[in-house]
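Asks: Structure, please.
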Amino acid sequence: MAYFDAASAAPLHPVAREALLASLDDGWADPARLYREGRKARMLLDAARGAVAEAVGCRADEVVFGSSGTWAVHTGVAGALAGRRRVGRHLIVSAVEHSSVLHSAEAFEAEGGSVRTVAVNRSGAVDPSDWAAALRPDTALACLQSTNHEVGTVQPVAEVAEACRAAGVPLLVDAAQSLAWGPVEGDWSLLAGSAHKWGGPSGVGLLAVRKGVRFAPRGPVDERESGRAPGFENLPAIVAAAASLRAVRAEAAQEALRLRELTERIRARVPRLVPDVEVVGDPERRVPGIVTFSCLYVDGEALLHELDRKGFSVSSGSSCTSSTLTPSHVLRAMGVLSEGNVRVSLPLGAAPEDVERFLEVLPGVVAGVREKLGAPAAAPATAVRAEELVVDSLGKRCPIPVIELARVFGEVQVGGTVRVLSDDEAARLDIPAWCEMRGQEYVGEEPAERGSAYLVRRVS
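Replies: Residues are numbered from 1 along each chain as shown. Modelled structure (predicted):
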């Protein structure tokens, strides 16, 4: 088996395993107590906090530990908004933030706050000038990820942080996907991370809050972790998290070069090996281990199952792999193809031969899924072509509306149109993407009695 889903959870680093086992023996006591066992536990906790602070690039007393990266985001957003309530009730987020940030924004809106969502370009990055324009006198907090978790695009955090600093607005950075590779650049105010993203144990999140940031913890508090994470610390896991972060940082420069070469190999060769593929995400400003692509005429869930049977664990943002039947909010915000989406995120130490085997297996797997779905190999040629055709795909899910569009497109004359009726949310992304990939004109979306009508004009 080849595990290619490190962006969800990285395998436990050997150093983390060793530190975890050792601290189970030495770090079981209460670090708040003054007797010998408590002092030993406190020394371990302080050493772990110092190591993490050094890796993050902040002071040790600015770092607190909690149960997860999601906890860190929720706590950071709520605490900063509460601390700056007198300034205003306005929050800024990007359209491609992790769901934990978006859920915090939804909760803030439900309490009467206002949220501005900054759009991204087709590569998934925000424009710093758009961010600066979104800042207002009543903006209490801004949130921007350092690296996108689905497509690997690196955000211009330093430029955004400068705009926020000039406006006097704190910036919270979700650095879960980037901390393994180095500290976050720029003058950020709060930072969240999660140990299981860099090879530490699950159940450890970190929140850094710079001195001078107004912060008011929400909910009951106690004396632990500066009152920001109540309850007994999971000391063995924290020690293992700190040890693994230090270990991966020591390997980061060399491993980044190696993984970047492997992901570039995938980015370059997949479009040559598999027809009708769109590779998404910024080709240059991206984290080393993530590469994402989408395949026309492919059911994402079927594709993942087939790859799993072949020995590859990958992830997907396709609507047909989601219980909500909607595409990933990241792909939707980028405006790229969502059907047949595959995210390959290589763990540290990923073997080149596994990547080669993936590239050998992928074309056959995609072709097999397409064949089962009845995808057209080419547009059929007809002697007499119509001026307009209507494709009724109501009640059919991704990728069927696009497949049915492709099947009949050869039957419409140049200058003619095809109207696709669909109530599938993914069609709003995938039909325009099909037009761009095929060099045809996407006219637009119109309301219909059920669902929507998507109008496509044949130009060649």
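
Asks: neighbours around Val279, how many?
Replies: Using other C-beta atoms under 10 Å, Val279 has 17 neighbouring residues. For every residue, glycine as well, the C-beta is placed using N, CA and C.

Asks: Would you pull up how far the helix or strand it falls within lies from the middle of the chain?
Replies: Here Val279 sits within strand 277-280, counting by DSSP states H and E. Centroid separation between strand 277-280 and its chain, computed with C-alpha atoms, centre = their mean, to the nearest Å, is 16 Å.

Asks: Which residues does it contact?
Replies: Contact with strand 277-280 is made by 123-124, 151, 267, 270-271, 291-296, 331, 334, 336-337, 433, 437, as judged by C-beta atoms under 8 Å, 6 or more residues apart in numbering.

Asks: Tell me which strands it pairs with, and in which orientation.
Replies: Counting by DSSP bridges, the strands paired with strand 277-280 are strand 290-295 (antiparallel).

Asks: which helices and strands does the next helix or strand after the strand it pairs with pack with?
Replies: Per DSSP H and E, the first helix or strand lying C-terminal to strand 290-295 is helix 300-309. Applying 3 or more C-beta pairs under 8 Å, 6 or more residues apart in numbering; DSSP states H and E, one finds that helix 300-309 makes contact with strand 341-345, helix 352-373.

Asks: what packs against whatever helix or strand comes next after helix 300-309?
Replies: Proceeding N to C from helix 300-309, the next assigned helix or strand is strand 312-313, under DSSP H and E. Identification of packing neighbours for strand 312-313 by 3+ C-beta pairs under 8 Å, 6+ apart yields strand 2-3.

Asks: Return the set of buried residues in the longest helix seen in the chain.
Replies: Counting by DSSP state H, the longest helix found in the chain is helix 235-273. Neighbour counts using 16 or more other C-beta atoms under 10 Å place 235-249, 252, 255-256, 258-260, 262-263, 265-267, 270 of helix 235-273 among the buried residues.

Asks: Likewise for stretch 308-315?
Replies: Across stretch 308-315, burial judged by 16+ other C-beta under 10 Å covers Lys310, Phe312, Ser313, Val314, Ser315.

Asks: re the thing from before, narrow the contacts of strand 277-280 to just the buried residues.
Replies: 123-124, 151, 267, 270, 291-296, 331, 334, 336-337, 433.

Asks: Tell me who's in contact with the residue lying closest to Tyr297 once chain neighbours are set aside.
Replies: In this structure, Tyr297 finds its nearest non-sequential neighbour in Ala375, 3.5 Å apart by C-beta to C-beta, 6 or more residues apart in numbering. Contact analysis of Ala375 by C-beta under 8 Å, 6+ apart lists Leu296, Tyr297, Val298, Pro399, Ile403, Ala406.

Asks: 10 Å instead?
Replies: Taking C-beta atoms under 10 Å, 6 or more residues apart in numbering, we find Ala375 in contact with 276, 295-298, 366-367, 369, 399-400, 402-403, 406-407.

Asks: try Lys310
Replies: Going by C-beta under 10 Å, 6+ apart, Lys310 touches Met1, Ala2, Arg357, Phe358, Glu360, Val361, Leu362, Gly364, Val365.

Asks: which residue is nearest the centroid of this structure?
Replies: In the chain, the residue lying closest to the centroid (C-alpha atoms, centre = their mean) is His149, at 2.3 Å.

Asks: Is that one in a helix, a strand, or coil?
Replies: Secondary structure, DSSP: H, G, I helix; E, B strand; the rest coil: His149 is coil.

Asks: How many neighbouring residues does the nearest residue to it once chain neighbours are set aside have?
Replies: Leaving aside its chain neighbours, His149 sits nearest to Gln177 (5.1 Å; criterion: C-beta to C-beta, 6+ apart). Neighbour count for Gln177, taken as other C-beta under 10 Å: 27.

Asks: Leu45 reaches Phe232, doesn't it?
Replies: No - in this structure Leu45 lies outside contact range of Phe232 using C-beta atoms under 10 Å: 11.3 Å.

Asks: Spit out the residues that contact these two alike.
Replies: With contacts defined as C-beta under 10 Å, 6+ apart, the residues shared by Leu45 and Phe232 are Pro31, Ala32.

Asks: Show me which of these two is the more surrounded one.
Replies: Each of Leu45 and Phe232 has its neighbours counted (other C-beta under 10 Å); Leu45 has more, 21 against 10.

Asks: Quick one: residues contacting the more buried one.
Replies: Ser23, Gly27, Pro31, Ala32, Phe65, Glu225, Glu233, Leu235, Ile238, Val239, Ala242.

Asks: Only the buried residues of the strand or helix carrying it, if you could.
Replies: Per DSSP H and E, Leu45 falls inside helix 36-56. Within helix 36-56, the residues that count as buried by 16+ other C-beta under 10 Å are Ala41, Arg42, Leu44, Leu45, Ala48, Arg49, Ala51, Val52, Ala53, Glu54, Ala55, Val56.

Asks: element containing the nearest residue to the last one once chain neighbours are set aside, please.
Replies: Using C-beta to C-beta, 6+ apart and skipping residues adjacent in sequence, the residue nearest Val56 is Ala208, 5.5 Å away. Secondary structure from DSSP H and E places Ala208 in strand 205-209.

Asks: The stretch 101-250 of the chain: strands as residue ranges?
Replies: Under the criterion DSSP state E, counting those that start in this stretch, strands of the stretch 101-250 of the chain are mapped to 114-118, 139-145, 171-174, 190-194, 205-209.

Asks: Output those strands in CSV, with mean pLDDT, distance to Glu388 and mean neighbour count appended to each entry.
Replies: Conversion of the strands of the stretch 101-250 of the chain to CSV gives the following (pLDDT from 0 to 100; distance: least, C-beta to C-beta, whole Å; neighbours: other C-beta atoms under 10 Å):
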stretch, mean pLDDT, distance to Glu388, mean neighbour count
strand 114-118, 98, 37, 17
strand 139-145, 98, 44, 27
strand 171-174, 98, 47, 29
strand 190-194, 98, 52, 28
strand 205-209, 98, 55, 28
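
Asks: So what does Ala180 have for phi and psi?
Replies: phi -60, psi -20 (degrees, to the nearest 10).

Asks: and stretch 80-98, how far from the chain's centre?
Replies: Offset of stretch 80-98 from its chain centre (C-alpha atoms, centre = their mean): 20 Å.

Asks: What are the buried residues along that stretch?
Replies: By neighbour count on 16+ other C-beta under 10 Å, the buried set for stretch 80-98 is 80-81, 83-84, 87-98.

Asks: Adjacent strands (with direction) for the biggest strand by length in the chain?
Replies: Assignment by DSSP state E gives strand 412-422 as the longest strand of the chain. Strand 412-422 pairs in its sheet with strand 386-392 (parallel), strand 452-457 (antiparallel), by DSSP bridges.

Asks: CA atoms of that strand as CSV?
Replies: C-alpha atoms of strand 412-422 as CSV (Å, rounded to 0.1, in the frame of the first residue of the first chain):
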residue,chain,number,x,y,z
VAL,A,412,-25.2,20.6,-32.8
GLN,A,413,-23.9,22.8,-35.6
VAL,A,414,-21.2,25.4,-35.2
GLY,A,415,-22.9,28.5,-33.7
GLY,A,416,-25.6,26.3,-32.2
THR,A,417,-26.3,25.7,-28.5
VAL,A,418,-26.9,22.9,-26.1
ARG,A,419,-29.0,23.6,-23.0
VAL,A,420,-28.3,21.3,-20.1
LEU,A,421,-31.0,21.0,-17.5
SER,A,422,-29.5,20.0,-14.1
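
Asks: Cheers, nothing more for now.
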